[in-house]
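*Asks:* no sequence on hand, only this structure:
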Ligand code: SF4
């Protein structure tokens, strides 16, 4: 097997890793065994567009037996591995050809967490030192890796992350019986958090006066571009959704807890899809809409001032799937509406369905300039009137009288009047 063929296999097996972008689903990967490598380049979301990343494993060997994973030790699969310098060389060839701008590197666990971490760290180190690559590198941290190994990973990467996979010990045991939530995942997240905080403080002291940081840590991927240098560091984690029978409330409760305790930049959700040859090959796939609702709820809590206890869950602890969580909350809290758009506080505007954070900023600016006259003005500022109109008044008048909801989505039709 040549290097190109090996890489194609490893890219296809990194299917559950995610970073806010669109990659091929497990089903698509299986259906497209012959796909060309560049067709499965991962496009991570960044400010103003996407960044093409080589998202791959370093090896498909693993000593663990996670029930959903196609490279688990019990799986009958061809083991393919790169040495760190081979991977670095392959990446640089793709980078020079303009195919990718960054690397997202994960791995099966060979021998033990630190041995594996060393291989990942070496790959990044070679890219930085031998090839002078200054772009984006995201390294996975192996659960149970030592603090020293995590510190070393942080020297060469822009982002480090460990996959939590499930929201608690009980759920993790169902999909990864050899892993320990308390004994491996939480201590690794804690070490990552300490390393990231240290790194950020050093970065701030050395380079950036606090006043210039503006809206928060520079370390979010959205802030990363090709000129970004390695000392900028952030951390994330990821849950597999729907594999362990967990509820949305469990996932979001743990996400809130992780943001608070471990200063994570983001939590990612990856809808479970069964893969042939794994112990869970006959388990039902999770619907993509569930993943989308979890992201929406996560955004409401991080950016819109919502508390977990305000979100609407069904009796089993899941978010409604037919309407988004903000609309679900608004329909349960009709006494808070309509909101007068010319006077409402920022926090009130953020609660209106169909109005996003940037639109709120634009509305406040337009108000100061006296530029809010009619429904068209609101549309121009980004208000999704089809969604927002029933919740708003403009200069005392209900907007639904000025704006007719022409084609309501059947499952989301609003009846407020
Ligand atoms: S640790 Fe589990 S999920 Fe990770 S590669 Fe190994 S078997 Fe797969």
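*Replies:* Sure thing, it's come through. Because the structure is predicted, anything quoted here is derived from the model rather than measured. Residues are numbered from 1 along each chain as shown.
*Asks:* excluding chain neighbours, what is closest to residue 286?
*Replies:* residue 242 (2.9 Å; C-beta to C-beta, 6 or more residues apart in numbering). Bear in mind the C-beta positions are built from the backbone N, C-alpha and C, glycine included.
*Asks:* could you check how far that neighbour is from the ligand?
*Replies:* 16 Å (C-beta to the nearest ligand atom, to the nearest Å).
*Asks:* how deep is that residue tucked in, by neighbour count?
*Replies:* 20 (other C-beta atoms under 10 Å).
*Asks:* just say helix, strand or coil for residue 276.
*Replies:* coil (DSSP: H, G, I helix; E, B strand; the rest coil).
*Asks:* how many neighbours does it have?
*Replies:* Residues lying near residue 276 (other C-beta under 10 Å) number 11.
*Asks:* one more: residue 76?
*Replies:* Residue 76: 5 surrounding residues under other C-beta under 10 Å.
*Asks:* mind checking pLDDT for the closest residue to it other than its chain neighbours?
*Replies:* Among residues not flanking residue 76 along the chain, residue 277 sits closest, at 6.2 Å (C-beta to C-beta, 6+ apart). At residue 277, the model reports a pLDDT of 90.
*Asks:* per-residue pLDDT, residue 288?
*Replies:* For residue 288, the predicted pLDDT is 94.
*Asks:* separation between it and residue 294?
*Replies:* From residue 288 across to residue 294, the span is 11 Å (C-beta to C-beta, to the nearest Å).
*Asks:* try residue 43
*Replies:* Residue 43 is 21 Å from residue 294, by C-beta to C-beta.
*Asks:* neighbour count for the two, which is higher?
*Replies:* Taking neighbours as other C-beta under 10 Å, residue 43 and residue 294 compare with residue 294 leading, 23 against 16.
*Asks:* let me see the contact set for the more buried one.
*Replies:* Contact partners of residue 294, counting by C-beta atoms under 8 Å, 6 or more residues apart in numbering, are 241, 248, 251, 252, 269, 319.
*Asks:* among those, which are in strands?
*Replies:* Judged by DSSP state E, the subset of the contacts of residue 294 located in strands is 241, 269.
*Asks:* output the contacts of residue 294 in JSON lines; the columns should cover pLDDT and neighbour count.
*Replies:* Output for the contacts of residue 294, formatted as JSON lines (pLDDT from 0 to 100; neighbours: other C-beta atoms under 10 Å):
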{"residue": "241", "pLDDT": "97", "neighbour count": "23"}
{"residue": "248", "pLDDT": "98", "neighbour count": "24"}
{"residue": "251", "pLDDT": "98", "neighbour count": "28"}
{"residue": "252", "pLDDT": "98", "neighbour count": "25"}
{"residue": "269", "pLDDT": "95", "neighbour count": "23"}
{"residue": "319", "pLDDT": "98", "neighbour count": "24"}
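*Asks:* neighbours of residue 171, how many?
*Replies:* 23.
*Asks:* make sure it is indeed in a strand.
*Replies:* No - the assignment for residue 171 (three-state DSSP) gives helix, which keeps it out of a strand.
*Asks:* helix or strand: which one has the nearest residue to it once chain neighbours are set aside?
*Replies:* Once flanking residues are discounted, residue 171 sits nearest to residue 244: 3.9 Å by C-beta to C-beta, 6+ apart. Here residue 244, judged by DSSP states H and E, is contained in no helix and no strand.
*Asks:* for residue 326, same thing?
*Replies:* helix 325-332.
*Asks:* any buried residues in that helix, and which?
*Replies:* Going by neighbour count (16 or more other C-beta atoms under 10 Å), the buried part of helix 325-332 is 325, 326, 327, 328, 329, 330, 331.
*Asks:* need the contact partners of that helix.
*Replies:* For helix 325-332, contacts defined as C-beta under 8 Å, 6+ apart pick out 293, 296-297, 300, 304, 306, 310-312, 319-320, 323, 336-337, 351-353, 387, 391, 412, 414.
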